[in-house]
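> Sequence and computational prediction follow.
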Amino acid sequence: MKKQHSTIPGSVTVARGFRAAGLSAGIKKTGKKDLALIVSDVPATVAAVFTKNQVKAAPVKLDMQHVKSGTASAIIANSGNANACTGKVGMIHAKAMAAAVARRLGCRDEEVLVCSTGRIGVLLPIVKIEAGIKKILKQISRTGGHDAALAIMTSDTKPKEVAVRFGKWHIGGIAKGAGMIHPNMATMLAFITTDAAFSRGVLQRALRHAVNKSFNRVTVDGDMSTNDTVICLANGLAGKPPLPAFQAALDHVCLELAKMLVKDGECVTKFVTVEVHGARNDRDAEFAARAVCNSALVKCSWCGGDPNWGRLMDAIGYSRAKIVEEKVDIAYNGVSAVKSGQPSRTPVAKVRKIVKQPVFTIRIDLHLGHGSCTMHASDLTEAYVTFNKGE
């Protein structure tokens, strides 16, 4: 299908009827923005995907209840504190955040979704947050999307925003995440807005499809967070678009945000695309790609600029994918390194030159079927270890 969407400036306020803002509520000691609010002028259909971690933060538990209502009017999010592993008090605080927004918007508490990101096991400074909510509601505007993107950052070095237009419809999104980036989502939040009209069931299926092809296909360090949340609000103010065009645009927004997460990974120096082709089926291709992208040995070799394709062979070999060693081909940016399971005739120095670059692609051909999978990953650096060693 011919591409029908185009990238435009903006983020979560590009779609009709959405306003946003971001400010400092005093959660972070640095004084940086730490509270974000996104509001739809009319109740929006809501779809969401949450972490699969068995340990879930209070706002995740609350949102899993609230999305059952099918509609939402606002998303309130804080950074600097995850409100995770905080017991009954944590849930009370999450509910208080929703109630504070709902009371002033004139909607039900269930129509407000709450998200938090930051340090685990610390109670929210709820008094500061409630004061911030009172203030931020006076600041929401059609130009506030960028401030909202800034306000949800933790160890991120830059805000993550993207927007597209297709026909008369728009989709915009913001995300945060730099560490704990792993398939099945990460220490990440992503908020997506659109003026398209869809039922909850259709929107949920579309979002899950987009997430599976994007946020669930990236990895930085192999850790899965307690607060992972992707929310999509569709307020319908532009009417109902063709589903294929909407799906393509939504897929694009999610994939671009997911790539930004990897590129901004904590202390990373490499952005690597791993393509697996010729697997028995797509599931096997994903098994092989995940094994390569999550291998600490592979990621360390990327950091050192060493192709070390033997580590790739090892990873796909212990994956759950069916592998026939004598059929495996591996290439770096199209340059053959492995042919039929053995070293190719390409000089090692030529392949090493590619791996020393900040961005490159590895293609693995299994020659067993038509299955394929593409994932995006980073290297693992000494600086990452230092950054995360704690106080």
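Perfect, I can see it now. For clarity, every value in this text was computed on a predicted model and none was experimentally measured.
> Nearest residue to residue 339 in space, please, no chain neighbours.
Once flanking residues are discounted, residue 339 sits nearest to residue 329: 5.7 Å by CB to CB, 6 or more residues apart in numbering. Using the backbone N, CA and C atoms, a C-beta is placed for each residue, glycine as well.
> tally of neighbours for the one you found?
For residue 329, the count of nearby residues is 18 (other CB atoms under 10 Å).
> Compute the distance between it and residue 349, please.
Distance of residue 329 to residue 349, given as CB to CB, to the nearest Å: 20 Å.
> same check, this time on residue 44
55 Å.
> now residue 150
Distance, residue 150 to residue 349, by CB to CB: 44 Å.
> for the spatially most distant residue from the centre of the chain, what are its contacts?
Using CA atoms, centre = their mean, the residue of the chain lying farthest from its centre is residue 345. It sits 39.1 Å away. When contacts are counted by CB atoms under 8 Å, 6 or more residues apart in numbering, residue 345 touches 336, 339.
> what about 7 Å?
Residues in contact with residue 345 (CB atoms under 7 Å, 6 or more residues apart in numbering): none are found.
> again with residue 246
If you count contacts by CB under 7 Å, 6+ apart, residue 246 has them with 196, 206.
> pLDDT score for it?
Reported pLDDT at residue 246 in the predicted model: 98.
> Kindly report the same for the one 4 residues further on.
Model confidence at residue 250, given as pLDDT, is 98.
> what do you get for residue 365?
On the pLDDT scale, residue 365 is placed at 98.
> Which parts of the stretch 51-200 of the chain are strands?
71-79, 112-117, 160-166, 169-176, 189-194 (DSSP state E, counting those that start in this stretch).
> For the third one, enumerate the helices and strands it packs against.
The elements that strand 160-166 packs onto, with contact taken as 3 or more CB pairs under 7 Å, 6 or more residues apart in numbering; DSSP states H and E, are strand 6-7, helix 145-151, strand 169-176, helix 243-263.
> Adjacent strands (with direction) for that strand?
Applying DSSP bridges, strand 160-166 is found paired with strand 6-7 (antiparallel), strand 169-176 (antiparallel).
> Ok, the longest one next?
Each strand that strand 71-79 pairs with, and the sense of that pairing, follows from DSSP bridges: strand 35-50 (antiparallel), strand 112-117 (parallel).
> Show me which positions of the first one end up buried.
Read it as strand 35-50. 35-40, 43-50 (16 or more other CB atoms under 10 Å).
> biggest separation within those, which pair?
Across the buried residues of strand 35-50, the longest distance by CB to CB is 25.1 Å; it joins 35 and 45.
> Touching stretch 296-303 from outside, list them.
Outside stretch 296-303, the residues that reach it (CB under 7 Å, 6+ apart) are 269-270, 272, 292, 308, 311-312, 315, 355, 379-381.
> what about it, average pLDDT?
Mean pLDDT, stretch 296-303: 95.
> how about that stretch as CSV, C-alpha atoms only?
Included here for stretch 296-303 are C-alpha records, laid out as CSV according to Å, rounded to 0.1, in the frame of the first residue of the first chain:
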residue,chain,number,x,y,z
ALA,A,296,25.3,-9.2,26.8
LEU,A,297,28.3,-10.7,24.9
VAL,A,298,27.0,-9.5,21.5
LYS,A,299,26.2,-6.0,22.9
CYS,A,300,29.7,-5.7,24.5
SER,A,301,31.3,-6.7,21.2
TRP,A,302,29.4,-3.9,19.4
CYS,A,303,30.7,-1.5,22.0
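> from what I can see residue 275 touches residue 374, true?
Yes: Residue 275 lies in contact with residue 374 (CB atoms under 7 Å); the separation is 5.0 Å.
> Report the buried residues of the worst-scoring helix or strand of the chain on mean pLDDT.
When the helices and strands of the chain are compared on mean pLDDT, DSSP states H and E, helix 382-387 comes out lowest with a mean of 78. By 16+ other CB under 10 Å, the buried positions in helix 382-387 come out as residue 384.
> got the contact list for that helix?
Contacts of helix 382-387 with the rest of the structure, by CB under 7 Å, 6+ apart, involve 266-267.
> Dihedrals phi and psi, residue 381?
phi -110, psi 160 (degrees, to the nearest 10).
> which residues touch it?
By CB under 7 Å, 6+ apart, residue 381 lies in contact with 267-269, 303.
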